[in-house]
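A.B. asks: what's the 3D shape of this:
(one chain, ligands or ions: 1)
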Amino acid sequence: MADVRTAHTADLDAATLTTARLLLDDVFAGEMSDDDWEHALGGIHALAWEGDELIGHASVVQRRLLHGGRALRTGYVEGVGVRADRRRRGVGGALMDALERVLRAAYELGALGATDDAVRLYTAHGWKRWEGPTSALTPEGIVRTVDADGAVYVLPLSTPLELTGALVCDWRDGDVW
Ligand SMILES: CC(C)(COP(=O)(O)OP(=O)(O)OC[C@H]1O[C@@H](n2cnc3c(N)ncnc32)[C@H](O)[C@@H]1OP(=O)(O)O)[C@@H](O)C(=O)NCCC(=O)NCCS
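C.D. replies: Okay, the predicted model is just below:
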């Protein structure tokens with residue numbers, strides 16, 4: 001079984017970060033943009049190692065999500081990927097376990113934008129599909145993000161959530177969710 005370790009971006013050396021980026025480039029078949037990678041930085045990474053080979057990555061960064069009249073301190077999960085030849089062995093689950101420990105200890109809720117491939121993994125870990133309308137707080141104001149509707153999942157923690165209510169994410173370059 002892989003050895004899963006967590007570290008803040010600040011404590012990973014440049015070579016490890018490059019290796020993680022290359023792993024995700026491979027996992028997402030070249031669809032991982034510079035913005036996508038940048039979104040995965042500045043928080044806690046979970047790295048799955050087999051000896052000195054990196055076979056899995058996930059990270060959690062802080063964002064603010066507006067819901068129920070509050071700006072919730074949210075741990076937003078990014079860059080979840082396991083090398084294709086190491087899938088269905090529990091590595092993805094172990095990465096999520098490591099990040100969920102961080103989420104439970106530090107945030108009011110967890111959130112992420114899911115690919116179809118990963119929905120079963122997240123729901124098995126207690127993540128819930130956001131049923132209500134999603135939007136982003138853009139420089140021009142709040143704008144609906146219809147494409148993200150149904151693809152956002154949350155891990156309810158200390159804050160009561162109305163899953164059919166409105167959910168608004170903070171602004172960033174690239175994909176906002
Ligand atoms: C989504 C992803 C990260 C899952 O990683 P993984 O290492 O395969 O995850 P796990 O092994 O923990 O769980 C996956 C499945 O394997 C099963 N599994 C876990 N250990 C197993 C084992 N020892 N033997 C057989 N099956 C096992 C799990 O029960 C789960 O089954 P399910 O999908 O039927 O519910 C991986 O498929 C991936 O990198 N996909 C491409 C990138 C992507 O879509 N990332 C998500 C972005 S939101």
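A.B. asks: what's near enough to touch Ala20?
C.D. replies: The contact partners of Ala20, taken as C-beta atoms under 8 Å, 6 or more residues apart in numbering, are 12, 45, 47, 54, 57, 79. No exception for glycine: its C-beta is placed from N, CA and C like everyone else's.
A.B. asks: out of these, who's the most crowded?
C.D. replies: His45 (26 neighbours; other C-beta atoms under 10 Å).
A.B. asks: SS state for that one?
C.D. replies: Here His45 is recorded as strand under DSSP: H, G, I helix; E, B strand; the rest coil.
A.B. asks: for Thr18, see how far away the closest residue to it other than its chain neighbours is.
C.D. replies: Closest residue in space to His45, ignoring its immediate chain neighbours: Ser59 at 4.4 Å, by C-beta to C-beta, 6 or more residues apart in numbering. From Ser59 across to Thr18, the span is 15 Å (C-beta to C-beta, to the nearest Å).
A.B. asks: neighbour count winner among those two?
C.D. replies: Neighbours were counted for Ser59 and for Thr18 using other C-beta under 10 Å; Ser59 has more, 27 against 11.
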